[in-house]
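> Below are the sequence and a predicted model for it; my questions follow.
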Amino acid sequence: MAYEETYPWITVEVEVLNSALAKQTLQAGEADLALLSWLEEADKQHPNASEEPRWSQLFAHDGIAVIVHPAAPFTEMGLAHLQEIFRGRVQEWSGTVLTVVSREEGSGTRAAFESAVLSGYDTTLTAVVMPSSEAVIEYVARTPGAIGYVSTLRIQVALRPQESVVDGVRVLPVEGASLTTATLSDGSYPLSRPLYLVTIAEPVGEAREFAQWVLGSEGQAVVGRFQGR
């Protein structure tokens, strides 16, 4: 990890959880900081009114890539069509039976996708539910007619549109916008979301030092390299 290279006397332990479990871990005092992709208004203050407000800072932006099996009959996708497919109202396209692949309840990626696409409707009960972006990619890659979504942090080809297929899946443009670093930065790609650095109260000690590094020029340079800027 870049931070440990700069400060070798510090050990940073990382555990990958969905947003709901990450919040629970933070509130239980089992983690100093969390990196979350979804903050509801109710989450901005601890449920116990005697506690200090939750501290959060935006540190990066992420996109949600819509992925399909390479043989799927799509060249791009509109938000209205995505809603119809993920609600289960469209189950076939150009003779191909569609399989909807979703993340599990509690996933920040799922919450952001449903907020942007479903407008309050539920994901179809016939969706195949996967516990991680990696599992979504693997399932879509081996299932003709499958369509799902993942964080671009898990599929970096989304930021290199000249490569149409990677890990056995194809990334679709949405509303005519390909998913690139430029379209994420200028807001023209419709499925983007902020990433937050979060603690229950303002961080202190080594947690504060780490947060300042992430939000400072050195940490942001690392974030930029990871996102392809």
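Yep, that arrived.
> from here on, contacts and neighbour counts on C-alpha atoms
OK.
> So what touches the helix or strand where Val223 lies?
Following DSSP states H and E, one finds Val223 within helix 217-226. Here helix 217-226 makes contact (Cα atoms under 8 Å, 6 or more residues apart in numbering) with 2, 59-60, 213-214.
> Mark which of the residues you listed are part of helices, please.
Residues of the contacts of helix 217-226 located in helices (DSSP state H): 2, 213-214.
> Need these in a markdown table (columns: pLDDT and distance to Leu179).
Listed next are the ones in helices among the contacts of helix 217-226 as a markdown table, based on pLDDT from 0 to 100; distance: Cα to Cα, whole Å:
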| residue | pLDDT | distance to Leu179 |
| --- | --- | --- |
| Ala2 | 80 | 26 |
| Trp213 | 86 | 28 |
| Val214 | 86 | 25 |
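> Buried only: go through those residues for me.
Burial by neighbour count, 16 or more other Cα atoms under 10 Å: within those this picks out Val214.
> what packs against the longest strand along the chain?
Longest among the strand segments of the chain by residue count, using DSSP state E, is strand 55-68. When contacts are defined as 3 or more Cα pairs under 8 Å, 6 or more residues apart in numbering; DSSP states H and E, strand 55-68 sits against helix 133-141, strand 146-151, strand 169-172, helix 181-186, strand 192-199.
> Out of the ones you listed, point me to the one whose mean pLDDT is lowest.
Mean pLDDT per stretch puts helix 181-186 lowest among the helices and strands packed on strand 55-68, at a mean of 80.
> buried residues in it?
Using 16+ other Cα under 10 Å as the test for burial, helix 181-186 gives 181, 183-184.
> ditto for stretch 19-26
Of all the residues in stretch 19-26, those buried under the rule 16+ other Cα under 10 Å are 19, 22-23, 25-26.
> Can you report phi and psi for Ser188?
Note on Ser188: backbone dihedrals following degrees, to the nearest 10 are phi -80, psi -20.
> quick one: contacts for the closest residue to Gly78 other than its chain neighbours?
Using Cα to Cα, 6 or more residues apart in numbering and skipping the chain neighbours, the partner closest in space to Gly78 is Glu175 (4.7 Å). Applying Cα under 8 Å, 6+ apart to Glu175 gives the contacts 76-79, 189-190.
> Likewise for Leu215?
Phe59.
> Relative to Thr183, how far out is it?
Here the criterion is Cα to Cα, to the nearest Å. By it, Leu215 lies 22 Å from Thr183.
> how does this protein divide up, domain by domain?
Domain assignment for the chain by automatic domain parsing gives 2-60+192-226, 62-186.
> Pick the most deeply packed of those.
Sort the domains of the chain by mean neighbour count, taking mean count of other Cα atoms under 10 Å, and domain 62-186 sits at the top with a mean of 19.
> next one: that one to chain centre, how far?
In terms of Cα atoms, centre = their mean, to the nearest Å, the centre of domain 62-186 is found 12 Å from the chain centre.
> if we can go back for a sec, can you redo the contacts of helix 217-226 as TSV with distance to Glu138?
Below are the contacts of helix 217-226 laid out as TSV (distance: Cα to Cα, whole Å):
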residue	distance to Glu138
Ala2	29
Phe59	29
Ala60	26
Trp213	34
Val214	31
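> Would you agree Lys69 is in contact with Asp167?
Actually, residue 69 is His. It isn't Lys. No. Applying Cα atoms under 8 Å as the test, His69 and Asp167 come out as separate, 10.2 Å apart.
> Need the residues touching each of the two.
Joint contacts of His69 and Asp167 (Cα under 8 Å, 6+ apart) are Ala141.
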